[in-house]
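Undergrad: Structure for the following, please:
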Amino acid sequence: MNPYVLMILLSSLGLGTALTFASSHWLLAWMGLEINTLAIVPLMAQHHHPRAVEATTKYFLTQATAAAMIMFASTTNAWITGEWDMNNMSDPIATTMIIAALALKIGLAPMHFWMPEVLQGLDLLTGLILSTWQKLAPFTLIVQVAQAVDPLLLTALGISSALIGGWGGLNQTQLRKILAYSSIAHMGWMIIVLQYAPQLTLLALGTYIFMTAAAFLALKVSSATKVNALAMVWSKTPILVSTTALVLLSLGGLPPLTGFMPKWLILQELTKQNLPITATIMALAALLSLYFYLRLCYAMTLTISPSTTASTTPWRMKTTQAPLPLALSTTVALGLLPMTPAVLMLVT
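TA: Predicted structure coming up:
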């Protein structure tokens with residue numbers, strides 16, 4: 001892609017997200033979301049592969065449906081209350097529709113069906129943008145309207161996302177689909193605690209972004225898209241394989257890695273709110289996700305490719321990817337747990 005076109009598209013991504021961040025009017029927030037969607041569509045279809053075009057079409061139709069629902073719900077709320085301010089969502093029907101539309105935008109279960117299919121058709125860097133940056137603007141709107149939403153709805157969305165995200169990734173062989181279900185499960189953890197401690201939601205979102213970035217960038221270096229391909233990565237970059245396995249365990253939430261921090265604090269908060277059953281279900285759902293992360297770690301570190309070839313295969317070729325983003329995201333994804341009190345002070 002032409003670098004000038006790429007710069008314009010990435011700038012538009014930033015503009016759309018910033019516009020949604022800064023707006024308190026539903027029309028402006030909707031415009032920011034639309035700029036965001038229209039900016040990423042050319043990035044998704046840039047390889048002109050039929051699978052990429054199919055994924056782009058599915059994504060565009062899904063986001064257009066969600067945007068239409070947001071517009072309809074905000075117009076309904078303005079019609080009933082006389083205000084477009086998103087902090088004045090007093091109509092329960094409009095509020096429920098807004099949450100459903102935003103859940104569709106970020107891929108919360110049960111509106112998650114587009115996410116694995118779309119991510120499977122993209123290259124890893126565009127998939128990284130879709131899994132991280134594209135969730136920021138809708139999540140900001142969810143945080144702003146969460147206090148007006150029925151708590152039961154948020155709890156149902158959180159539990160179903162954590163369970164489906166864990167269950168759906170169990171029988172996958174494609175790494176991008178596994179990361180999509182991982183994203184769905186992490187979104188569930190963020191939503192479940194939103195009504196009680198929004199700062200923990202932001203903490204979970206921040207740690208998720210760093211861990212997912214490290215996973216995507218590591219897979220990009222190794223050019224791996226299937227679980228079987230991970231067995232051949234060890235002979236190319238053994239140090240990268242070691243850190244990537246730790247990043248995957250961090251995504252699963254094992255101590256003493258960074259991923260344990262948000263899960264630990266969220267379970268603690270749910271227990272404080274006298275919700276032991278909800279906390280137990282979420283902890284069990286985390287075990288489902290942990291299983292497929294352990295599968296990936298096993299494929300990377302404990303298996304060796306059965307074939308040895310004399311020729312230079314693609315996974316032996318040197319990468320042109322800049323090492324700094326991967327190094328920074330991996331460091332944050334692995335070593336932030338001792339900084340938990342400082343991070344809590346920062347977000348509160």
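
Undergrad: From Glu117, how far out is Gly166?
TA: Using Cβ to Cβ, to the nearest Å, one gets 19 Å for the distance from Gly166 to Glu117. Glycine gets a C-beta too; all of them are placed from N, C-alpha and C.

Undergrad: Then Leu219?
TA: 19 Å.

Undergrad: the more surrounded of these two?
TA: Leu219 (22 against 16; other Cβ atoms under 10 Å).

Undergrad: ok, that one - contacts?
TA: Leu219 sits next to Leu124, Leu175, Thr225, Thr244 when contact means Cβ atoms under 8 Å, 6 or more residues apart in numbering.

Undergrad: how much space is there between it and Gly188?
TA: From Leu219 to Gly188 the distance is 23 Å (Cβ to Cβ).

Undergrad: Could you identify which of the contacts of Leu219 has the most neighbours?
TA: Thr244 leads those on contacts (other Cβ under 10 Å) with 28 neighbours.

Undergrad: so what's it up against?
TA: Contacts of Thr244 by Cβ under 8 Å, 6+ apart are Ala214, Ala215, Ala218, Leu219, Ser222, Met300, Thr330.

Undergrad: try 6 Å this time
TA: By Cβ atoms under 6 Å, 6 or more residues apart in numbering, Thr244 lies in contact with Ala218.

Undergrad: Against Trp264, how distant is it?
TA: Following Cβ to Cβ, the distance that separates Thr244 from Trp264 is 23 Å.

Undergrad: now swap in Leu205 and tell me
TA: 16 Å.

Undergrad: which one of these two has more residues nearby?
TA: Leu205 (20 against 14).

Undergrad: quick one, what contacts the more buried one?
TA: Met190.

Undergrad: to the chain's geometric centre, what's the distance from the longest helix seen in the chain?
TA: The longest helix of the chain (DSSP state H) is helix 50-81. Distance of helix 50-81 from the chain centroid (Cα atoms, centre = their mean, to the nearest Å) equals 19 Å.

Undergrad: try stretch 328-335
TA: 17 Å.

Undergrad: again, but for stretch 95-108
TA: Stretch 95-108 sits 15 Å away from the centroid of its parent chain (Cα atoms, centre = their mean).

Undergrad: likewise stretch 147-157?
TA: 20 Å.

Undergrad: Can I get it in PDB, CA atoms only?
TA: Listed next in PDB are the C-alpha coordinates belonging to stretch 147-157 (Å, rounded to 0.1, in the frame of the first residue of the first chain):
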ATOM      1  CA  GLN A 147     -24.600   3.100  35.200                       C
ATOM      2  CA  ALA A 148     -27.900   3.400  33.400                       C
ATOM      3  CA  VAL A 149     -28.000  -0.200  32.300                       C
ATOM      4  CA  ASP A 150     -29.700  -3.100  34.000                       C
ATOM      5  CA  PRO A 151     -27.000  -4.800  36.100                       C
ATOM      6  CA  LEU A 152     -28.400  -8.200  35.100                       C
ATOM      7  CA  LEU A 153     -27.800  -7.500  31.400                       C
ATOM      8  CA  LEU A 154     -24.100  -6.600  31.900                       C
ATOM      9  CA  THR A 155     -23.700  -9.700  34.100                       C
ATOM     10  CA  ALA A 156     -25.300 -12.000  31.500                       C
ATOM     11  CA  LEU A 157     -23.100 -10.500  28.700                       C
END
